[in-house]
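>>> For reference, the sequence and a predicted model appear below.
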Amino acid sequence: MRYSIREQMRLIALALGVATLLSLFFSTFLPDYIHKAPELAGMWSGIYGHKNELGYMMAWSAGIFLHLALSNYQYTWLMWTLCGVATSLIILSRSTTSLTILLTIILILPFYRFFKKTNYKLQVIMIGLALILLTLSTILLMTNIENIVGTSGKDLTFNGRADLWEPIISKVWERPWFGYGYYGFWNSPEAANVRATYEWASNSHNGFLELLLDIGFLGFLVFAAGFIRFFVLALGRIISVAKKPEDYWPMQMLIIIVIVNFSEARLLTPSWNWLMYITTSLSLSLSYQRIRMGIKEDLKAEFMSSNRITVRE
């Protein structure tokens, strides 16, 4: 690809910076020009059509501004300012998912730096401990979920999403291997039964369930293989390449994608989410290939050099 991941981040920051400032400007000075749904009164949506869309894009924005600011980028002061504006817009949008994303990527940043400084054996131990901690946290979350969800003003159905997932899962099992085709389910008679109960449902509101509906378990396994490869390459970048916080961004992207797709269907839809996933995945693969080629060239040069020394002797 023409641009490296670091160069892509700067281009992305430019685009998201414009979107952040426009959202602030229109929400503050020209609110009448913004689409507002009656049920979302008091919640900012910026230049986007929905408060969740604003929160989602500002989570991406705050994340990338934060990583560039911590990397001693040329315009560090500007990155910190834009990060603050994006964070404020997340709060004003009242998007719980977006705020969760931002807090997660902030809290996990120190872990990356400590992880890189350790040796291989300790890294393996840390990964194991992280998995155990994740499991224990999940158990703790599930046993106290009523109290946790109640404090955020939500309910256990995630605004009706969890109720929708039950009939969706049953539809997945009706065509488990190949699914209904891309957006095939929501244009099929089978979807009419779901919409009879959930009139607002235009998708499953879960990226992984939507993937199973579209391409079945076989397609899901193909996607999972690519996703795992992305994870391995992103982790390898942290261990062997990372010098600045911006080098942690690919792994942070995976965290954003997983959290977002728990309550929204954004995996295969033509969106910012998919664009970032594809471009970064390709960049990581090409970077890995270049590193491998460089290692091979170094080994070849070392081998040729040792042969010359042997011949002279």
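Everything's here; your move.
>>> tell me which element residue 28 is part of?
Element membership for residue 28, per DSSP states H and E: helix 5-29.
>>> for that helix, which positions count as buried?
5, 8-10, 12-13, 16-17, 19-20, 23-24, 26-27 (16 or more other Cβ atoms under 10 Å). (Glycine included, C-beta is placed from N, CA and C.)
>>> which stretches of the stretch 201-313 of the chain form helices?
With DSSP state H, counting those that start in this stretch as the criterion, the stretch 201-313 of the chain has helices at 207-240, 249-263, 272-312.
>>> Quick one: mean pLDDT for the last one?
Average pLDDT, helix 272-312: 70.
>>> same deal with the shortest one?
Per-region confidence: helix 249-263 scores 85 on mean pLDDT.
>>> mind listing what's buried in it?
The neighbour-count check on helix 249-263 (16+ other Cβ under 10 Å) flags 249, 250, 251, 252, 253, 254, 256, 257, 259, 260, 261, 263 as buried.
>>> quick one: low-confidence ranges for the stretch 101-250 of the chain?
Residue ranges of the stretch 101-250 of the chain with pLDDT under 70: 113-160, 242.
>>> re earlier: so which of the buried residues of helix 249-263 would you say is closest to residue 109?
Residue 109 has its nearest neighbour among these in residue 252, at 8.3 Å by Cβ to Cβ.
>>> Which residues lie in contact with the nearest residue to that closest one once chain neighbours are set aside in this structure?
Excluding the flanking residues, the one nearest residue 252 by Cβ to Cβ, 6 or more residues apart in numbering is residue 105, at 4.9 Å. Each residue near residue 105 by Cβ atoms under 8 Å, 6 or more residues apart in numbering is listed here: 63, 66, 252, 255, 256.
>>> helix, strand or coil for residue 105?
helix (DSSP: H, G, I helix; E, B strand; the rest coil).
>>> how near is it to residue 292?
Going from residue 105 to residue 292 by Cβ to Cβ, to the nearest Å gives 29 Å.
>>> Same check on residue 282?
For residue 282, the distance to residue 292 - Cβ to Cβ - is 16 Å.
>>> With residue 56 instead?
In terms of Cβ to Cβ, residue 56 sits 35 Å off from residue 292.
>>> More neighbours: those two, which one.
Neighbours were counted for residue 56 and for residue 292 using other Cβ atoms under 10 Å; residue 56 has more, 25 against 10.
>>> and the more buried one, what pLDDT?
Value for residue 56, per-residue pLDDT: 88.
>>> related to what we said a few turns ago, so which pair among the contacts of residue 105 is furthest apart in space?
The widest separation within the contacts of residue 105 (Cβ to Cβ) is 13.2 Å, between 66 and 255.
>>> which secondary structure element contains residue 168?
Assigned by DSSP H and E, residue 168 falls in helix 161-174.
>>> who does that helix touch, helix- and strand-wise?
helix 189-197, helix 207-240 (3 or more Cβ pairs under 8 Å, 6 or more residues apart in numbering; DSSP states H and E).
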